[in-house]
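Participant: 3D model of this:
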Amino acid sequence: MHKESPPFRSGYIAIIGRPNAGKSTILNRLIGHRIAIVTPKPQTTRHRILGILNGPDYQALLLDTPGILDPKYALQRLMKEEIERALNDADVVLMVIDATAPVCDDLSLLRGRPAVVALNKIDAVPRQNLLPVAQACANAGLDKVYMISALTGDGVDDLKNGVIGLLPEAPPFYPPDMVSERPERFFVAELIREAIFNRYGAEIPYSTTVQVEEFRERPNRKDYIRAVIYVEKESQKSILIGEGGRSLKKVGEIAREAIEQFLGRPVYLELWVKVAKGWRQNEGFIRQNVYGSPLGG
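Facilitator: This next block holds a predicted model:
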């Protein structure tokens, strides 16, 4: 007797949670490619990033989002809009909670939605410390709680199967060889920003945004990339560049190596630093230079 193949499932999964809960690490682990930048600092993610997970009978469209926070300025307000857009688009919500500093206040966002909770970083805490969080999830009506470590991969396969099982029956949205709908220049800008986050202290990374102004593939030569790093103050520009340009040169070296690994080909990277005074409070600048226009485009 012929066994029927399972129905094809396809849909959007919004990954939400507090800053530094490990959402981007989970996205990268599930996709199997490093498409979201990861740093030890909170609020690294500013964009809603789509990762496409393809399987024989499913296509999961994973939406990484900025961390949930109370916005203090224009950039954070637009980051919050990115979260809301992802929730509105989602067929399933995956909430990530940091097991080392669990906050369960956001569980109300999941009411009435197909949802699961991933308690992440279990490799860093004693097992008995996880039980109160699991109980809080149960009290909120969520019985699908996965104990995982995105860093080691522990429990991630069970999580993947759990969220895919909640997707609706539908045909795929994208070709099976795609891992994201973003263009290469988006990832180039993000990798430059990652290098800045990992290289500088508290103020500089949050005051910078990166725009790739030119990206040319050159036959038989290195790709040419020119990018501008915007800062808010002249003093930040001086710190970013460093004495004799040494600090900026080091950022360029780190970023170029990451970009070449991502693209799989050599590049010539040229970085410039410009001041856009108080840009994080300037919604017009943010929409044009951070998110593109319209928002998220």
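
Participant: who touches stretch 84-97?
Facilitator: 11-18, 21-23, 26, 48, 63, 65, 103-104, 106-107, 109-110, 113-120, 133, 159, 163, 166-168, 296 (Cβ atoms under 8 Å, 6 or more residues apart in numbering). Quick note: C-beta positions are derived from backbone N, CA and C, even for glycine.

Participant: Buried among those residues? Make that a PyMOL selection.
Facilitator: The buried subset of the contacts of stretch 84-97, as determined by 16 or more other Cβ atoms under 10 Å, is captured in PyMOL by this line:
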select buried, resi 11+12+13+14+15+16+17+18+21+22+23+26+48+63+65+104+107+109+110+114+115+116+117+118+119+120+133+159+163+166+167
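
Participant: Keep only those of the contacts of stretch 84-97 that are in helices.
Facilitator: 23, 26, 133, 159, 163, 166 (DSSP state H).

Participant: Next one, pLDDT for the fourth one please.
Facilitator: Yep, that's L159 we're talking about. pLDDT recorded at L159 is 96.

Participant: Contact partners for it?
Facilitator: Contacts of L159 (Cβ under 8 Å, 6+ apart): 26, 30, 94, 116, 118, 146, 148.

Participant: Out of these, which is nearest to P183?
Facilitator: L30 (21.6 Å; Cβ to Cβ).

Participant: quick one: which of the contacts of L159 is nearest G244?
Facilitator: I26 (40.4 Å).

Participant: ok, now which ones touch that closest one?
Facilitator: Counted by Cβ under 8 Å, 6+ apart, I26 has contacts 15, 94, 96, 118, 120, 148, 150, 156, 159.

Participant: tell me the pLDDT at the fourth one?
Facilitator: Per-residue pLDDT puts A118 at 94.

Participant: residue ranges with poor pLDDT in the stretch 101-250 of the chain?
Facilitator: Along the stretch 101-250 of the chain, the model assigns pLDDT under 70 to residues 143.

Participant: Helices of that one, residue ranges please.
Facilitator: 131-139, 156-166, 184-199, 203-206, 234-241, 246-263 (DSSP state H, counting those that start in this stretch).

Participant: Turn those into TSV, including distance to E283.
Facilitator: Shown next, in TSV, are the helices of the stretch 101-250 of the chain (distance: least, Cβ to Cβ, whole Å):
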stretch	distance to E283
helix 131-139	36
helix 156-166	34
helix 184-199	20
helix 203-206	17
helix 234-241	20
helix 246-263	27
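
Participant: among the ones you listed, which is nearest A36?
Facilitator: It's helix 184-199; of the helices of the stretch 101-250 of the chain, that one is closest to A36 (Cβ to Cβ) at 7.8 Å.
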